[in-house]
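Novice: for reference, the sequence and a predicted model appear below.
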Amino acid sequence: MDALLTIIDLDTPIKRKKAIDKITLRKPRAGELRGVSLTDLLQMDVNALQRVLPRITDPVLTDAEVQAMDPADLVQCGAAVSSFLLPKGMKAQVSLPE
């Protein structure tokens with residue numbers, strides 16, 4: 001898989017006219033991390049994730065949709081975001097895909 005994208009299969013689909021059961025997360029650019037502590041993101045802080053996820057998801061999720069997310073799905077997203085932030089050398093040390 002592309003190191004810049006991660007597909008998340010949601011345990012609990014997001015309800016819209018058509019339910020969303022998969023979302024794609026894109027590696028955030030520096031500007032999309034504004035107003036968020038990188039340490040908080042690496043620690044999968046809920047508030048930090050709620051701020052960043054609407055900026056990097058496809059389809060684009062609203063703030064309300066992120067806030068209503070199943071905690072298991074939020075953890076999957078948080079793990080992906082944390083992985084995006086690690087340098088390649090650290091990913092190799094912890095056995096994460098580059």
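Specialist: Cool, the structure landed. Numbering: from 1, shown residues only.
Novice: so the closest residue to Val52 other than its chain neighbours is in which element?
Specialist: Nearest residue to Val52, sequence neighbours excluded (Cβ to Cβ, 6 or more residues apart in numbering): Val36, at 5.7 Å. For every residue, glycine as well, the C-beta is placed using N, CA and C. Using DSSP states H and E, Val36 falls within no helix or strand.
Novice: mind listing what Val36 touches?
Specialist: Val36 makes contact with Ala48, Arg51, Val52 under the criterion Cβ atoms under 8 Å, 6 or more residues apart in numbering.
Novice: what do you get for Glu32?
Specialist: Going by Cβ under 8 Å, 6+ apart, Glu32 touches Val52, Arg55, Ile56.
Novice: on that earlier part again, which of the contacts of Val36 lies closest to Ala30?
Specialist: Val52 (11.9 Å; Cβ to Cβ).
Novice: got a list of what that closest one touches?
Specialist: Val52 touches Pro28, Glu32, Leu33, Val36, Leu41, Val81, counting by Cβ under 8 Å, 6+ apart.
Novice: and the most centrally placed residue in the chain, which of the three is it?
Specialist: For the chain, the residue nearest the mean C-alpha position is Cys77 (3.6 Å; Cα atoms, centre = their mean). When classified by DSSP: H, G, I helix; E, B strand; the rest coil, Cys77 comes out as helix.
Novice: tell me what the top strand by length along the chain is packed against?
Specialist: Longest strand of the chain, by residue count under DSSP state E: strand 5-14. Counting contacts by 3 or more Cβ pairs under 8 Å, 6 or more residues apart in numbering; DSSP states H and E, strand 5-14 packs against strand 20-26, helix 71-85.
Novice: related to what we said a few turns ago, Serialize the contacts of Val52 to TSV and add fields for pLDDT and distance to Lys88.
Specialist: TSV is the format used below for the contacts of Val52 (pLDDT from 0 to 100; distance: Cβ to Cβ, whole Å):
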residue	pLDDT	distance to Lys88
Pro28	95	17
Glu32	94	20
Leu33	95	19
Val36	96	22
Leu41	94	18
Val81	95	16
